[in-house]
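In: no FASTA, just this:
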């Protein structure tokens, strides 16, 4: 099955990373067998710090149909391991959000929370997230 938003043909990838007001990017094409060929790369300095300007800068890359990866720098994410709360599965995200609010380096309202189960599921006691 082909995803409707993916173009056929060339397998192009865009990798972006930013720090402060600097945005770096690499555009590559690869077939998964011979590796990748770099089609373009660069650094845009003095990107405005607001989201609207960043979106405009990214639109210049003509992203439609590209596979895009964002490389986060160590100060742009935080990885925590916590015991899974004993709640219903549909309440897990909210319970973890409440549990970690005092463990974060930034306000909980600015957090995008992803949950991953740790371990092989054979350990006793509550699961780790």
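Out: On my side now, so go ahead. Here the structure is a predicted model, which is why all the values come from computation and not from measurement.
In: for stretch 78-88, what is the average pLDDT?
Out: Average pLDDT, stretch 78-88: 87.
In: Could you check how far that stretch is from the centre of its chain?
Out: Between the centre of stretch 78-88 and the centre of its chain there are 20 Å (Cα atoms, centre = their mean, to the nearest Å).
In: Okay, buried residues for it please.
Out: By 16 or more other Cβ atoms under 10 Å, the buried positions in stretch 78-88 come out as 84, 85. Any C-beta I mention is one placed from the backbone N, CA and C, and that applies to glycine too.
In: Give me the distance between the two termini of that stretch.
Out: 25 Å (Cα to Cα, to the nearest Å).
In: Where do the domain boundaries of the chain fall?
Out: Domain assignment for the chain, taken from automatic domain parsing, gives 12-74, 78-129.
In: Please work out which of these is packed deepest.
Out: Most buried of these, by mean neighbour count (mean count of other Cβ atoms under 10 Å): domain 12-74, with a mean of 12.
In: From the chain's centroid, how far away is it?
Out: For domain 12-74 - counting by Cα atoms, centre = their mean - the centre lies 13 Å from the chain centre.
In: residue ranges of the helices in this protein, please?
Out: Shown for the chain, the helices assigned by DSSP state H span residues 51-59, 92-100.
In: In terms of secondary structure, what does the last one contact?
Out: Helices and strands in packing contact with helix 92-100 are not found; criterion 3 or more Cβ pairs under 8 Å, 6 or more residues apart in numbering; DSSP states H and E.
In: Show the low-confidence segments of the chain, by residue range.
Out: Within the chain, the stretches with pLDDT under 70 are 1-10, 32, 48-51, 54, 57, 121-129.
In: Contacts only, for the one residue sitting closest to the centre of it.
Out: Central residue of the chain (Cα atoms, centre = their mean): residue 70, 5.5 Å from the mean position. Neighbouring residues of residue 70 by Cβ atoms under 8 Å, 6 or more residues apart in numbering: 15, 16, 17.
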